[in-house]
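Q: sharing a model that was predicted from the sequence below.
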Amino acid sequence: MEPIKEFRSIELSLDNRVIPNERLLNTPSFKDGVSHELETDLRIVGCEYIQSAGLMLKLPQVAMATAQILFQRFYYAKSFVKYSIQPMAMASIFVAAKIEEDCRRLRDVINVFHHLRQKRMGRTIVPMDYMGDEYFKTKATVIKYERFLLKELGFCVHVQHPHKLVVTYLQILEMEKNAVLAQRAWNFMNDSLRTNVFVRYSPETIAVACLFLAARQLQIPLPQRPPWWLAFDTDYEDIEAISLELFALYKRPKKFLENLEKTISVLREKAKEKQIEIKEIKVKKPVLTKSSQPSSPSTFSPAVPESKTERSASKSPVPPTVKSQPSNPSPIALASQKPKPKESTQQKSSPVRNGERQSRSLSPRQRQTSGSRSPVSPPLRKLSSSSASDDEERSRSRSRSRSRSRRVTPQAYKPIQSPIKLSSESQSERSLSRSPLAPPLSQENGLPEQYRRDYEQDRRVRKSRHKHRSEKREKRRHRERERSTSRERQHRRRHRERERERAYHRETQRSHDRERSRRTDYRYR
């Protein structure tokens, strides 16, 4: 038999509606520099806006309660600094109306919040232009915030309200006929929506706390032996905490959204500056100099302790050994070479062994650059055929390097300091010893002029490409500006046409009314 495959399942329940204390204290807004007092004021003002907008939109109380709970849950996952409060309040009430199956148009929601903002700021109430840029920007922002809300809550937007539980508990306590007690408990429950008790306690605990406060305020006795709240599986500590939270809400002074937004805008600018600094730190990389670069594996040698004789020998001056140069050195290799220490033009005496003077073996290229006539000529004359073949290979490699277009940096063209000072005679010999096929040397740095020309041509090509790209970018921006201006012109033209049509209909109606009144007057004359 085939083994039974086990699939993962997704469980959606109401157990995750209560937020733990760790997240209640370390909220994202607190991490961004918002104090707990400022965060509480922002939550209260946002819930007040939702409640007032729901009354103007004629929504049921359940929809307004759902919107406020979604608003509270979202800002325990995201910060007030990154997400503005007013678009999120619009998105919350728009989503809650859909959840409770009592939908409202987004245009009506935007118009109501615009009206409330003007009224609270004390301005003259002017309706928003439905064909203006402000309306379209606000609409796009609310739709975007709606997606943010649903994504952050994981589409788990079901809310269990304790409003029905109040009536059930009054029936159990045989006090369902006391309408004043039920109404007072209902009012406390609606006020508690502005606090965070709905994300801290279960609906049963909230309903019991509201009944407890209403009975205390109306001085209605309830069973105490045993306590009546134990019948509904509730602790007295939770009831007392909810009651103190509501009393703190009533004592808090009224705040205005404009003043709170100014404080948030300052924190938002600080957060942007901090992000820019972090990006600059990430972009900067350590630049390795020649001294800080690690040596290659070929030149690495482990440290060996030196003896006293070796130290004294290392301190004594030793004539530098001449290294054999490659047959066809490239300009990049020449530029990367370090300048050699200066030597005298006079030829130094060779070491004497067994009474005979030993000569050093120098390559033909070194003999051409040195300019000094060595007494050891017979072995070099024997290698004259090999030196001629070397010259031919060097001329071929130079012609191939000229055919390829290399991108060489300007550092390769720095003048090379010759370690040996040549006389005028040796310089003339050096110029005569060059191959006739070799490119002419530049007067500035002694390198072939062809490489300088290739670099200049490559630089001109790059400059023209940059200019072409900047022109294309400027044309694209011009087209976008033209598009936006044409769109605005189109909106204005449509608005003017509607106004003309309305004026025409009004004038036509007035002419008809005048004609009708003239006929009636003539009839009864």
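A: Everything's here; your move. In this text, all values refer to a predicted model and were calculated from it rather than measured experimentally. Residues are numbered from 1 along each chain as shown.

Q: I'd say L218 and V180 touch.
A: Yes. Contact between L218 and V180 holds when scored by C-beta atoms under 8 Å: they sit 6.5 Å apart. (C-beta placed from N, C-alpha, C; glycine too.)

Q: show me the shaky parts of the stretch 401-525 of the chain.
A: Residue ranges of the stretch 401-525 of the chain with pLDDT under 70: 401-448, 521-525.

Q: any chance you could map the strands in it?
A: In the stretch 401-525 of the chain, no strands are defined using DSSP state E, counting those that start in this stretch.

Q: try the chain
A: With strands called from DSSP state E, the chain shows them at 352-353, 356-357.

Q: where in the stretch 251-400 of the chain is pLDDT low?
A: Short version for the stretch 251-400 of the chain, where the test is pLDDT under 70: 285-400.

Q: contacting residues for R460?
A: Contacts for R460 (C-beta atoms under 8 Å, 6 or more residues apart in numbering) come out as none.

Q: any idea how far K467 is from it?
A: 11 Å (C-beta to C-beta, to the nearest Å).

Q: and what of S202?
A: Applying C-beta to C-beta, the value for S202 to K467 is 69 Å.

Q: with neighbour numbers in mind, choose between the two.
A: Neighbours per residue (other C-beta atoms under 10 Å) separate S202 from K467, with S202 holding more: 18 against 10.

Q: for the more buried one, give its distance to R194.
A: The gap separating S202 from R194 is 19 Å, by C-beta to C-beta.

Q: over to E204?
A: Following C-beta to C-beta, the distance that separates E204 from R194 is 20 Å.

Q: equivalent analysis for E240, please.
A: Distance, E240 to R194, by C-beta to C-beta: 19 Å.

Q: who has more neighbours out of these two?
A: Each of E240 and R194 has its neighbours counted (other C-beta under 10 Å); R194 has more, 22 against 12.

Q: got the contact list for the more buried one?
A: When contacts are counted by C-beta under 8 Å, 6+ apart, R194 touches R43, I44, C47, E48, Q51, Q68, L249.

Q: repeat for Q68
A: Residues in contact with Q68 (C-beta under 8 Å, 6+ apart) are C47, I50, Q51, S92, L193, R194, F198.

Q: got it, and C47?
A: Applying C-beta under 8 Å, 6+ apart, the residues near C47 are Q68, F71, Q72, L193, R194.

Q: pLDDT value on the closest residue to L55 other than its chain neighbours, please?
A: Among residues not flanking L55 along the chain, M64 sits closest, at 7.8 Å (C-beta to C-beta, 6 or more residues apart in numbering). Here the pLDDT value assigned to M64 is 94.

Q: I'd assumed E100 was in contact with M64.
A: No. With contact defined as C-beta under 8 Å, M64 does not count as touching E100 (9.3 Å).

Q: these two: which is more packed in?
A: Using other C-beta under 10 Å, the more surrounded residue of M64 and E100 is M64, with 25 against 18.

Q: separation between the more buried one and M56?
A: Separation of M64 from M56 (C-beta to C-beta) stands at 11 Å.

Q: try L181
A: As judged by C-beta to C-beta, L181 and M56 stand 29 Å apart.

Q: over to I44?
A: For I44, the distance to M56 (C-beta to C-beta) stands at 19 Å.

Q: who's more crowded, the two?
A: Using other C-beta under 10 Å as the criterion, I44 and M56 rank with I44 on top: 17 against 14.

Q: tell me who's in contact with that one.
A: R194, T195, L249, R252, K255.

Q: what's near enough to touch the fourth one?
A: Translated: R252. For R252, counting by C-beta under 8 Å, 6+ apart, the contacting residues are T40, D41, I44.

Q: how much space between it and N21?
A: The gap separating R252 from N21 is 22 Å, by C-beta to C-beta.

Q: the first one now?
A: Remark: distance between R194 and N21 (C-beta to C-beta) = 20 Å.

Q: and stretch 84-94, what's buried?
A: I85, Q86, P87, M88, A89, M90, A91, S92, I93, F94 (16 or more other C-beta atoms under 10 Å).

Q: what does that stretch contact?
A: Contacts of stretch 84-94 (C-beta under 8 Å, 6+ apart): 42, 45-46, 49-50, 53-54, 57, 59, 63-64, 67-68, 70-71, 74-75, 104, 106, 109-110, 113, 117, 138, 141-142, 145-146, 148-149, 257, 260-261, 264.

Q: now that stretch: average pLDDT?
A: For stretch 84-94, the mean pLDDT works out to 94.

Q: what's the answer for stretch 196-213, then?
A: Taken as a whole, stretch 196-213 has a mean pLDDT of 92.

Q: so what touches that stretch?
A: Contact with stretch 196-213 is made by 17-19, 24, 43, 68-69, 72-73, 76, 160-162, 165-166, 169-170, 181, 184-186, 188-189, 192, 222, 229, 232-235, 238-239, 242-243, 245-246, as judged by C-beta under 8 Å, 6+ apart.

Q: what do you get if the cut-off is 7 Å, keeping everything else the same?
A: Residues from elsewhere that reach stretch 196-213 (C-beta atoms under 7 Å, 6 or more residues apart in numbering): 18-19, 24, 69, 72-73, 76, 160-162, 165-166, 169, 185, 188-189, 192, 229, 232-234, 238-239, 242-243, 245-246.

Q: buried among the residues you listed? Make that a PyMOL selection.
A: Typed into PyMOL, the line below selects the buried ones among the contacts of stretch 196-213, using 16+ other C-beta under 10 Å:
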select buried, resi 19+69+72+73+76+161+162+165+166+169+185+188+189+192+229+232+234+238+239+242+243+245+246
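
Q: just the contacts of stretch 196-213: which are in helices?
A: Among those, the ones falling in helices (DSSP state H) are 24, 69, 72-73, 165-166, 169, 185, 188-189, 238-239, 242-243, 245-246.

Q: what's the most distant pair in those?
A: L24 and Y169 (26.9 Å; C-beta to C-beta).

Q: so can I have JSON lines of the contacts of I44 showing distance to D129?
A: Listed next are the contacts of I44 as JSON lines, based on distance: C-beta to C-beta, whole Å:
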{"residue": "R194", "distance to D129": "33"}
{"residue": "T195", "distance to D129": "37"}
{"residue": "L249", "distance to D129": "38"}
{"residue": "R252", "distance to D129": "37"}
{"residue": "K255", "distance to D129": "30"}
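
Q: show me which of these is closest to E499.
A: Using C-beta to C-beta, K255 comes nearest to E499 of those, at 41.2 Å.

Q: the closest one and V45 touch, don't they?
A: Yes. K255 is within contact range of V45, at 5.8 Å (criterion: C-beta atoms under 7 Å).

Q: these two - which one has more neighbours?
A: More crowded of K255 and V45, by other C-beta under 10 Å: V45, with 22 against 15.

Q: any idea how far the more buried one is from H114?
A: 16 Å.

Q: E245 now?
A: Distance of E245 to H114, computed by C-beta to C-beta: 32 Å.
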